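Participant: Here's my sequence, what's the structure:
(one chain, ligands or ions: 2)
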Amino acid sequence: MITIAVISQKGGAGKTTLAINLAVAATRDGSVGCALIDLDPQASAATWGDSRSEPLPEVVSAQANRLERHIEAARKGGMAAVIIDTAPHSESAALAAARAADLILIPCRPAILDLHAIGTTIDLARLAGTPAAVVLNAVPPRGSLADEAAEAVAGYQVPLVPVRITQRAAFVHCLTVGKAIQEFEPRGRGAVEIGGLYRWICETIAA
Ligand SMILES: Nc1ncnc2c1ncn2[C@@H]1O[C@H](COP(=O)(O)OP(=O)(O)OP(=O)(O)O)[C@@H](O)[C@H]1O
Ligand SMILES: [Mg+2]
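Facilitator: Numbering: from 1, shown residues only. Ligands and ions are numbered 1, 2, ... in the order given. A predicted model of the protein is given here:
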C-alpha cells in the first residue's frame, strides 16, 4: 500500500482538488481500492465523498490523532493506496500526515506568493524525514509563468513533478457533480495530466 500526503501551508493551492483526483486515479488503477483521508476540519473532500454513490474511493473525515488508525484500517481492508488531504496552516496535523506518508505532494500555483510559501512545507517534509515533490497546479494554458515557476522551484532542492496540472474549468465542474476529472471527461487533457501525475508518484515511490 502506498500513502501520499498532499500538503501545502498555503491556502487554495489545490490540495483537495489533487487529493480527490489522485484518489479516483488510484481507484481506477486496478481492482483494489483507495482510501481518501480528509484531515481538514472544513471537510471539503469528505463533502465531495458524500455527494457520490460509488463506494470507492472510501472517504473519511478524520482528526490527526486518529490518522494511524485509519491508515491501518485501510491496510487491513486491502486498499492499494491512501491519499491524505490536509488543511492549510495546520502544522501539527500536516506533520502527522507527513510522517505517515511515503511521499509528500506539494501543490503550488505558478505565482510568486505561492512559490515563497513552499519553503515552509519543504521544511516540514524534512522534519518528518519524508521525500517530497512539488507539482505546479492551475498552470495557465499559455505563457511563461510555469517555466519561471519551475526555475524558482529548482532553487529548493526538492524534485519538481514533470507533469503540470493546467488551470481548467473541468477541475471545478467535476467536483460540483461528485466526480473526478477522469470520470467527468475521461478522454480530456485534464484526465491525461492526472493519470501522468499518479503514474509518476507510483514510480517515484517504487524507485
Ligand atoms: N487545476 C485547477 N484548475 C482549475 N481550478 C482549480 C485547479 N486547482 C484548484 N482549482 C480551484 O481552486 C480553488 C482552490 O482549490 P482547492 O480547494 O483544491 O485548494 P486547497 O489547497 O485544498 O485549499 P485549502 O487550503 O482551502 O484547503 C477551488 O475552487 C478549486 O476548484
Ligand atoms: Mg483543501
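Participant: pretty sure residue 106 belongs to a helix, no?
Facilitator: No: per DSSP: H, G, I helix; E, B strand; the rest coil, residue 106 lies outside any helix segment and is strand.
Participant: That one and residue 132 touch, don't they?
Facilitator: Yes: between residue 106 and residue 132 there is a contact under Cβ atoms under 8 Å: 5.8 Å. Every C-beta, even on glycine, is put in place using the N, C-alpha and C of the backbone.
Participant: Who has more neighbours out of the two?
Facilitator: residue 106 (30 against 22; other Cβ atoms under 10 Å).
Participant: Any figure for the gap between the more buried one and residue 142?
Facilitator: Distance of residue 106 to residue 142, given as Cβ to Cβ, to the nearest Å: 24 Å.
Participant: and this structure, which of its residues are near ligand 2?
Facilitator: 15, 16 (Cβ under 5 Å from the ion).
Participant: and with 8 Å instead?
Facilitator: 11-12, 15-17, 19, 40, 42, 44-45, 85-88 (Cβ under 8 Å from the ion).
Participant: Show the buried residues in these.
Facilitator: 15, 16, 17, 19, 40, 44, 45, 85, 86, 87, 88 (16 or more other Cβ atoms under 10 Å).
Participant: Tell me which of the residues you listed fall in strands.
Facilitator: Among those, DSSP state E puts residue 85 in strands.
Participant: Now narrow the buried ones among the residues of the chain next to ligand 2 to whatever sits close to ligand 1.
Facilitator: Filtering those for proximity to ligand 1 (criterion: Cβ under 6 Å from any ligand atom) leaves 15, 16, 17, 40, 44, 87, 88.
Participant: Lovely, talk soon.
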